[in-house]
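S.K.: Sequence and computational prediction follow.
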Amino acid sequence: MKINIKNILALLYTFISVMISTVLMIPALFMFLLGSKKSAFRYLSHIATNYAQLFFFVMGVRVKVIGIENLPDSDKICFVSNHQGLMDIPLITGYIPRTVGFIAKKELGRVPIINIWMRAMNCVLIDRSNPRSSIKTIERSIRQIQNGHAMVIFPEGTRSLSPEMGKFKPGAFKLVSGAESYTVPLTINGTYKILEETGVITPTRVTLKIHPAIDVNKLSSEEKVKLHKITEETISSGLLIPPLSSR
């Protein structure tokens with residue numbers, strides 16, 4: 001990866017943020033000890049949201065959110081999104097006004113400090129090489145959603161690193177149908193330009209489109225079978241939207 005001033009600023013910002021945010025995590029630990037888990041998650045989500053938004057601002061990334069009115073009132077949500085780049089998680093954390101956890105690959109659980117934050121935000125780590133472990137991960141994620149903690153999945157399984165969208169893996173939708181909650185499709189457009197396209201932090205324009213929620217409880221058995229395809233087509237349709245209109 002090339003080194004330029006933006007990369008250095010990003011690394012410095014990340015280091016300082018992680019150090020400060022680790023200290024700010026202390027009140028959340030007391031909330032957990034007192035049994036106020038929801039308050040702790042809201043507090044942590046508030047910190048993560050502010051840091052993510054500030055990061056995009058400092059890096060010169062302009063974000064446009066479309067369809068915020070489509071978010072349901074319930075916290076029992078499974079967000080389903082395409083996956084363009086490393087900045088997708090900060091984007092969702094910063095601009096979706098919900099406390100969310102992510103299903104992430106187990107390797108991230110070995111990264112110091114980051115793994116603490118992932119546990120604190122109820123993220124679930126998945127071992128994609130172990131089918132039995134993957135099933136347990138899905139079951140745990142279903143319980144998270146049913147307990148009112150929204151989760152995010154990337155059914156492509158890996159970053160596309162481009163404006164193209166990979167095929168969705170049907171297995172990911174065991175979580176969507178099993179949680180019997182709201183499914184909210186998300187279209188991310190432009191995050192691959194921040195880092196993956198050039199190898200350096202690049203100011204750009206990004207769009208996050210929130211599509212209308214689908215109440216899985218109200219779907220027939222036939223509709224649930226088609227949910228995988230419908231969601232994939234819905235998310236893909238959002239990629240036709242320009243990254244950000246001039247303002």
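M.R.: Sure, I can see it.
S.K.: Roughly how far does the closest residue to Thr183 other than its chain neighbours sit from Pro185?
M.R.: Excluding the flanking residues, the one nearest Thr183 by Cβ to Cβ, 6 or more residues apart in numbering is Ile214, at 4.5 Å. In short, each C-beta sits where N, CA and C put it, glycine included. Using Cβ to Cβ, to the nearest Å, Ile214 is found at 8 Å from Pro185.
S.K.: Looking at the two, which one has more neighbours?
M.R.: Between Ile214 and Pro185, Pro185 has the larger neighbour count (other Cβ atoms under 10 Å), namely 25 against 22.
S.K.: Look at that one and tell me its secondary structure.
M.R.: Following DSSP: H, G, I helix; E, B strand; the rest coil, Pro185 is assigned to strand.
S.K.: follow-up on the earlier one: next one: phi and psi at the residue nearest to Thr183?
M.R.: Phi and psi for Ile214, reported as degrees, to the nearest 10, are phi -110, psi 120.
S.K.: and what of the one 4 residues further on?
M.R.: With angles defined as degrees, to the nearest 10, Lys218 shows backbone torsions of phi -100, psi 0.
S.K.: which of the residues in the helix or strand hosting Val65 are buried?
M.R.: Take DSSP states H and E as the rule and Val65 turns out to sit in strand 62-66. Residues Val63, Lys64 are the ones in strand 62-66 that count as buried (16 or more other Cβ atoms under 10 Å).
S.K.: centre of the chain versus it, how much separation?
M.R.: Centroid separation for strand 62-66 versus its chain: 15 Å, with Cα atoms, centre = their mean, to the nearest Å.
S.K.: which secondary structure elements does it contact?
M.R.: Other helices and strands packing on strand 62-66, by 3 or more Cβ pairs under 8 Å, 6 or more residues apart in numbering; DSSP states H and E, are helix 88-95, strand 205-210.
S.K.: Pairing partners for that strand, with directions?
M.R.: Here strand 62-66 has these sheet partners by DSSP bridges: strand 205-210 (parallel).
S.K.: Need the residues that contact the strand it pairs with.
M.R.: 56, 61-68, 70-71, 87, 91-92, 95-96, 184, 186-191, 193-194, 238, 241-244 (Cβ atoms under 8 Å, 6 or more residues apart in numbering).
S.K.: For ChimeraX, write the select line for the buried members of those.
M.R.: In ChimeraX, a selection of the buried entries from the contacts of strand 205-210 looks like this (16+ other Cβ under 10 Å):
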select :56,61,63,64,67,71,87,91,92,95,96,184,186,187,188,189,190,191,193,194,238,243
